[in-house]
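just a sequence and a predicted model for now, questions to come.
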Amino acid sequence: EDGVWSLTSAAVNGLFSATSKDNVTERTAGPNVILSRIPATTPGTGFLVVLDRTGKQVGSGSFTPNPDADVFGSPTGTEWAWSVDDSPVGAQPAHGRIVVAGIGVAAHSVYSWVTPVGGFDEQVAGWTDMGIVMERIGFGGCGIGFHSDTASFLIDPVAGTLTNLFTNGDHYGDARHSVRVAFASQSESAVIVNGAAHDEAHTVANQVYVSPDGARVGVQRYELGGCAGGPPTLNTEIIDVSTGSRTDITGCGIGGWFDAIDFACSALGDKTVKLDGLDGHAVATLGTGTFIGVVPSD
């Protein structure tokens with residue numbers, strides 16, 4: 001039995017000599033965890049380590065990220081992908097490559113991209129069983145409900161082919177197990193699940209997560225205090241993919257799925273991560289911090 005393990009910030013920094021100013025990101029990737037570091041002093045160079053589900057280091061590598069971009073692990077947990085901008089400074093349209101490397105796999109380009117004229121960049125935003133997700137990023141904008149991508153695509157890492165994921169202003173949310181979820185264009189509150197819109201007025205859809213079996217989508221919704229002046233809250237909407245039925249769970253915002261029926265959840269301003277069931281009742285307390293994800297045993 002593997003048990004439960006965690007890493008302190010000092011331990012993470014020690015794995016690749018990171019400092020408190022560096023950009024360090026932790027992500028689950030299949031049965032592994034990938035920790036990546038982009039140094040503050042040399043942001044064009046990245047380093048990473050791969051840990052298995054017991055916390056043992058099983059691999060390491062480097063990557064050359066675009067500014068403000070990062071690396072994402074494959075569903076197998078043994079490869080990683082990132083975007084490289086090959087354009088001269090200020091050149092339009094911009095052009096570059098999606099690069100993949102891995103444990104025992106040399107870095108190689110799997111797709112070449114070219115943006116429209118007007119100040120865009122192409123960045124990797126995920127890697128699921130549906131392919132490598134690439135977003136077209138527009139510059140400018142911020143705040144609750146803002147999404148920087150103007151279009152998104154799926155890249156087959158073996159064939160090197162590209163298909164549209166979301167266009168016409170819809171923003172990438174999640175795409176796995178044949179379920180596609182977008183944040184709707186021109187709306188802070190509406191999400192689109194396999195083409196069907198789901199909206200809750202007076203909320204902001206912050207995050208969306210497809211469950212491990214593809215049966216449900218969890219939507220983290222930020223809700224303002226309303227006319228009575230009450231405090232804002234994080235709530236969760238659970239959408240059944242096949243029927244479109246919805247369940248609202250108040251006071252707790254989903255941060256990811258633990259398994260097919262349980263999800264990590266936190267209240268606004270509370271660092272305690274709880275495990276909630278589909279009925280909204282807490283199953284367990286996972287700990288204090290930020291939920292990253294689950295690494296399966298197979």
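Received it, and whenever you're ready, just let me know what you need. Residues are numbered from 1 along each chain as shown.

all contacts plus neighbour counts: C-alpha atoms, from now on.
Fine.

for Gln137, what are its contacts?
Small correction: residue 137 is Ile, not Gln. Contacts for Ile137 (CA atoms under 8 Å, 6 or more residues apart in numbering) come out as 120-123, 148-151.

adding pLDDT, write these out as CSV.
Supplementary listing: those in CSV, determined by pLDDT from 0 to 100:
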residue, pLDDT
Phe120, 88
Asp121, 89
Glu122, 93
Gln123, 94
Ser148, 81
Asp149, 85
Thr150, 89
Ala151, 94
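
now the buried members of those.
120-123, 148-151 (16 or more other CA atoms under 10 Å).

separation between Met80 and Ser189?
Slight slip there: residue 80 is Trp, not Met. Note on Trp80: its distance to Ser189, by CA to CA, to the nearest Å, is 32 Å.

of those two, which one has the most company?
More crowded of Trp80 and Ser189, by other CA atoms under 10 Å: Trp80, with 27 against 21.

pLDDT averaged over the helix or strand containing that one - what is it?
According to DSSP states H and E, Trp80 maps onto strand 79-85. Averaged across strand 79-85, pLDDT comes to 94.

who are the packing partners of that strand?
Applying 3 or more CA pairs under 8 Å, 6 or more residues apart in numbering; DSSP states H and E, we find strand 79-85 packed against strand 72-73, strand 95-102, strand 120-128.

ranking those by burial, who's on top?
strand 72-73 (a mean of 27; mean count of other CA atoms under 10 Å).

tell me the mean pLDDT for that strand?
96.

quick check: Val133 touching Asp149?
No - counting by CA atoms under 8 Å, Val133 stays clear of Asp149, with 11.7 Å between them.

just send the buried ones among the contacts of Ile137 back as JSON lines, with distance to Val219 too.
Listed next are the buried ones among the contacts of Ile137 as JSON lines, based on distance: CA to CA, whole Å:
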{"residue": "Phe120", "distance to Val219": "28"}
{"residue": "Asp121", "distance to Val219": "27"}
{"residue": "Glu122", "distance to Val219": "26"}
{"residue": "Gln123", "distance to Val219": "24"}
{"residue": "Ser148", "distance to Val219": "19"}
{"residue": "Asp149", "distance to Val219": "19"}
{"residue": "Thr150", "distance to Val219": "21"}
{"residue": "Ala151", "distance to Val219": "21"}
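
closest to Gly244 among these?
Ala151 (24.9 Å; CA to CA).

shaky segments in the stretch 101-250 of the chain?
140-146, 225-230 (pLDDT under 70).

what about the helices in it?
Taking DSSP state H, counting those that start in this stretch to define them, one finds no helices in the stretch 101-250 of the chain.

OK, contacts around Asp129?
Applying CA under 8 Å, 6+ apart to Asp129 gives the contacts 75, 176-177.

and it, how far from Ala81?
14 Å.

so Glu188 sits against Thr203, correct?
Yes - if you go by CA under 8 Å, Glu188 and Thr203 touch, sitting 7.3 Å apart.

identify the residues contacting Glu26.
Glu26 touches 33-36, 292, counting by CA under 8 Å, 6+ apart.
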